[in-house]
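Novice: fold the following and give me the result.
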Amino acid sequence: MPELKFKKALIEQSRVKANHSVLDFGMGTATLSLLLKKEVPDSFVTGVDVDDKILSIAKRKIEENKAVIVVDIYDGLKLPYENNSFDRVITSLVFHHLDKEQKLNSLKEIYRVLKPAGELHIADWGKASNGFMRLVFYGVQLFDGFRTTKDNINGLLPEYINKAGFKDIKTGKSFNTIFGTLTLYRGGKS
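Specialist: Numbering: from 1, shown residues only. Purely as a prediction, here's the structure:
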């Protein structure tokens, strides 16, 4: 999977600048956070995830890279931040793990913590670009579950982003991988 390629494209799409505060939603092992700090060293990056075991790996990687990234645990319901805290929220390969209700709740929470004129940038599985990509995505669905991935494969993420209150919603670049079509999305807060 062209992980570095699509993550760099996500960072490029997000147009993070020096002194921007950025939340990496579902940071996992901090790959995206570390890449962002490398690309924009003067940004303020915070990562959040629901899995404390994964976060321990993230913390180790951050220390090894001598990066300054805040790492927080999240209960899956309410983000542990004040309203209007971040200029950008970036997230990679998280939403296909969530059911519809979790997707909508997460998007509403992201909207809440974004500053006015802030932006959400998502990289996740999208509608298959062709029949072959749809076929290979069955592997992801078998592994991650049909219930949580069906919204992605049906192209519903932009609709959910809109329902959460975001404006100026755009579908960005797509990447065909051995597992399916990865798509970039963007939504802005008024």
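Novice: now do the strands for the protein: every range, in order, please.
Specialist: For the chain, applying DSSP state E gives strands covering 21-25, 44-49, 69-73, 86-92, 114-125, 167-177, 180-188.
Novice: in this structure, what spans have low per-residue confidence?
Specialist: Along the chain, segments meeting pLDDT under 70 span 1-2.
Novice: now with 90?
Specialist: 1-4, 125-155, 176-181 (pLDDT under 90).
Novice: ranges for the helices of it?
Specialist: Counting by DSSP state H, the chain has helices at residues 3-14, 31-39, 52-64, 100-113, 131-144, 146-153, 157-163.
Novice: most packed of these?
Specialist: Mean neighbours per residue, mean count of other Cβ atoms under 10 Å, is largest over those for helix 31-39, with a mean of 20. Using the backbone N, CA and C atoms, a C-beta is placed for each residue, glycine as well.
Novice: tell me what that one is packed against?
Specialist: Packing partners of helix 31-39 (3 or more Cβ pairs under 8 Å, 6 or more residues apart in numbering; DSSP states H and E): helix 3-14, strand 21-25, strand 44-49, helix 52-64, strand 69-73, strand 86-92.
Novice: from residue 89, how far out is the residue nearest to residue 29 when sequence neighbours are not counted?
Specialist: Leaving out its chain neighbours, the residue that sits closest to residue 29 by Cβ to Cβ, 6 or more residues apart in numbering is residue 57, at 4.7 Å. According to Cβ to Cβ, to the nearest Å, residue 57 and residue 89 sit 22 Å apart.
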